[in-house]
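Participant: Okay, here's the prediction I keep looking at, along with the sequence it came from:
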Amino acid sequence: MNVDRIISMILRKLVNRGINKGIDMAANRGRDPQNMTREERQQAKQARDGTKRARQAMRMGRRIGKL
């Protein structure tokens, strides 16, 4: 394995982690869950679950597209 592939693999993982953190922050609206009301926490959880399902659907779409 050459160095370019290793570097691109590490960068891709870091960028994906940053994107996921940004999506989670958007779901929480930038607030700490401890400072939220019960309803706000439920809405944030629903948003996280929705993004999780969207990611799963994108993965499945990519797999189907390869066929």
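Facilitator: Everything's here; your move.

Participant: Gln34 versus the spatially most central residue of the chain, what's the distance?
Facilitator: Closest to where the C-alpha atoms of the chain average out (Cα atoms, centre = their mean) is Asn20, at 3.1 Å. Computed as Cβ to Cβ, to the nearest Å, the Asn20 to Gln34 distance reads 21 Å. C-beta here means a position set from N, CA and C on the backbone, and glycine is covered the same way.

Participant: for the helix or strand containing the residue nearest to the centre of the chain, packing partners?
Facilitator: Using DSSP states H and E, Asn20 sits within helix 3-27. Contacts defined by 3 or more Cβ pairs under 8 Å, 6 or more residues apart in numbering; DSSP states H and E place helix 3-27 against helix 38-66.

Participant: Next up, the contacts around Ile23.
Facilitator: Thr51 (Cβ atoms under 8 Å, 6 or more residues apart in numbering).

Participant: so how far is Lys52 from the nearest residue to Arg29 once chain neighbours are set aside?
Facilitator: Distances taken as Cβ to Cβ, 6 or more residues apart in numbering put Ala44 closest to Arg29, at 7.4 Å, once the chain neighbours are dropped. Using Cβ to Cβ, we find Ala44 at a distance of 13 Å from Lys52.
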